[in-house]
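**Q** Need coordinates for the below:
(2 chains)
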There are 2 protein chains.
Amino acid sequence: MESWQTSIKALTVDVFGTVTDWYSTIVREGERLGCDKRLTVDWARFAKAWRGGYEPAMGRVRRGELPWTKIDALHRMILDDILEDFAIPELSENERSHFNRVWHRLDPWPDVVGGMLRLKSKYIVAALSNGNMSLLTNMAKHAGIPWDCILSAELARHYKPDREVYETAAHLLNLEPPSILMVAAHRHDLEGARAVGFRTAFIPRPLEWGPEGQADTAQDGDFDIIARDFHDLAAQLGS
Amino acid sequence: MESWQTSIKALTVDVFGTVTDWYSTIVREGERLGCDKRLTVDWARFAKAWRGGYEPAMGRVRRGELPWTKIDALHRMILDDILEDFAIPELSENERSHFNRVWHRLDPWPDVVGGMLRLKSKYIVAALSNGNMSLLTNMAKHAGIPWDCILSAELARHYKPDREVYETAAHLLNLEPPSILMVAAHRHDLEGARAVGFRTAFIPRPLEWGPEGQADTAQDGDFDIIARDFHDLAAQLGS
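**A** Numbers count the residues shown, from 1 in each chain, chains lettered A, B, ... in the order given. Prediction:
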């Protein structure tokens, strides 16, 4: 273990893509919906379009074109658009609302629960996600994610990688930034955290965007730690 | 189960006194400190003085005599005062700081963990405390309290029973007040929650202020539910 690691007290962990597999879950729920409603839809393309609408929607909030809006509501705006793009015939309000909450029902990557239990024995392990508090709470129950606490962009009313999100997290954890390790599968999130003084750990999730998708990668030296998965992260952190 | 109970989705739960036994924990840690430092102190009276300073300190924040101040800092202000009142000779800064964090190390009442696990199978179970987020997070790790999420007065920058605390909790849980049940051993907390439309459950903790202390009591009809402990609450809620 390197010497800077001994001052780490808490891990703040990204959720969509890093902890949970949105692609597989949405494809699976889409296929089930398609089967029930006798639809022919390319659900892999649908999942990527839904997730693909997420950065632009947050950008609208960031630029002030939209007031502060929870991810639940952004997901719903994107969903309403892409249901039209994919020519999916009328779903009832109940069906749309239920499908929109697929983001509350995402499955974890298989290493997450076991690795996190190891990390929790030594560190505070907190979610730090752009997802809203109720979404993250429901997801943790669904997926069995053993967070010590849930922190959200919603508490800062800013979206990552805005610095306010990381600063709010450090303030609520009552820790100095260099004693917090941001864990994510996305370079821009780690770069945002590093800009306010957090340490950074990259976990690649090559299948985040499905078998043909393009996921972020990192090389030795890009971040403080590069770990294969949460078990490897626990091992590298001596827990 | 009564019909209004079927619309309950989440429990928001008070912590100091309702979930954790501050009196016994402080007396025990005080006695240990007294033994180490060869002090003769009435630790029962000390514990009650410390906790007794809490409402007046929050009152100073509520009246604007102090800016927003975390409970950790209020506890420390009170501690510094009572160390003098009890003529406890100089403790080092490290010793004071460690003793102040006894509030992070409170033990749960014996029914809490088991009863809460039952409740979690059916409801979202969230802390809603005047304690700050880092205090509540450390306490949950220490005591094994299986919160689904931790909510704090700190997120509203108001102390209970100010309505902003309950309103912020409902907003973050994305629930209407009548689908939230506030659980507490204190009448004023439940009355504050009821004023914004929450349902209310009283759990008596007759030993909260020690064997000779005065704890709140309630009679049938005062609140929506009166439960002996968290197991009884789970039973009354069919979980």
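**Q** what's the spacing between A:D148 and chain B?
**A** Noted for A:D148: a distance of 5 Å to chain B, by C-beta to the nearest C-beta, to the nearest Å. Placement of C-beta: from N, CA and C, glycine included.
**Q** So A:A126 lies in a helix, does it not?
**A** No. Using DSSP: H, G, I helix; E, B strand; the rest coil, the assignment for A:A126 is strand, not a helix.
**Q** Report the contact partners of it.
**A** A:A10, A:L11, A:T12, A:V13, A:W147, A:D148, A:C149, A:I150, A:L151, A:A169, A:L173, B:T137 (C-beta atoms under 8 Å, 6 or more residues apart in numbering or on different chains).
**Q** swap the cut-off to 10 Å and go again
**A** A:10-13, A:147-151, A:169, A:172-173, A:180, B:133-134, B:137, B:150 (C-beta atoms under 10 Å, 6 or more residues apart in numbering or on different chains).
**Q** Burial check on the closest residue to A:L233 other than its chain neighbours, number of neighbours?
**A** Excluding the flanking residues, the one nearest A:L233 by C-beta to C-beta, 6 or more residues apart in numbering or on different chains is A:A227, at 3.8 Å. For A:A227, the number of neighbouring residues by other C-beta atoms under 10 Å in any protein chain shown comes to 20.
**Q** got a pLDDT number for A:A227?
**A** Looking at A:A227, its pLDDT is 98.
**Q** I'd like to know how far it sits from chain B.
**A** 23 Å.
**Q** Kindly report the residues of chain A close to chain B.
**A** When proximity is defined as C-beta under 10 Å from any C-beta of the partner chain, chain A approaches chain B at A:9-10, A:70, A:72, A:120-121, A:123-127, A:132-138, A:140-141, A:146-152, A:154-155, A:168-169, A:171-175.
**Q** what about the helices in chain A?
**A** Under the criterion DSSP state H, chain A contains helices at A:22-37, A:43-52, A:54-62, A:71-85, A:93-100, A:112-120, A:133-143, A:153-156, A:163-173, A:187-195, A:230-236.
**Q** can you list those in JSON lines and add distance to B:E55, mean pLDDT and mean neighbour count?
**A** Below are these laid out as JSON lines (distance: least, C-beta to C-beta, whole Å; pLDDT from 0 to 100; neighbours: other C-beta atoms under 10 Å in any protein chain shown):
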{"stretch": "helix A:22-37", "distance to B:E55": "46", "mean pLDDT": "96", "mean neighbour count": "17"}
{"stretch": "helix A:43-52", "distance to B:E55": "48", "mean pLDDT": "97", "mean neighbour count": "19"}
{"stretch": "helix A:54-62", "distance to B:E55": "40", "mean pLDDT": "96", "mean neighbour count": "16"}
{"stretch": "helix A:71-85", "distance to B:E55": "37", "mean pLDDT": "97", "mean neighbour count": "17"}
{"stretch": "helix A:93-100", "distance to B:E55": "43", "mean pLDDT": "96", "mean neighbour count": "14"}
{"stretch": "helix A:112-120", "distance to B:E55": "34", "mean pLDDT": "98", "mean neighbour count": "19"}
{"stretch": "helix A:133-143", "distance to B:E55": "28", "mean pLDDT": "98", "mean neighbour count": "23"}
{"stretch": "helix A:153-156", "distance to B:E55": "26", "mean pLDDT": "98", "mean neighbour count": "24"}
{"stretch": "helix A:163-173", "distance to B:E55": "24", "mean pLDDT": "98", "mean neighbour count": "21"}
{"stretch": "helix A:187-195", "distance to B:E55": "38", "mean pLDDT": "98", "mean neighbour count": "19"}
{"stretch": "helix A:230-236", "distance to B:E55": "43", "mean pLDDT": "98", "mean neighbour count": "20"}
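**Q** May I see those helices organised as JSON lines, with distance to B:P204 added?
**A** JSON lines is the format used below for the helices of chain A (distance: least, C-beta to C-beta, whole Å):
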{"stretch": "helix A:22-37", "distance to B:P204": "44"}
{"stretch": "helix A:43-52", "distance to B:P204": "49"}
{"stretch": "helix A:54-62", "distance to B:P204": "46"}
{"stretch": "helix A:71-85", "distance to B:P204": "38"}
{"stretch": "helix A:93-100", "distance to B:P204": "40"}
{"stretch": "helix A:112-120", "distance to B:P204": "33"}
{"stretch": "helix A:133-143", "distance to B:P204": "29"}
{"stretch": "helix A:153-156", "distance to B:P204": "33"}
{"stretch": "helix A:163-173", "distance to B:P204": "32"}
{"stretch": "helix A:187-195", "distance to B:P204": "45"}
{"stretch": "helix A:230-236", "distance to B:P204": "42"}
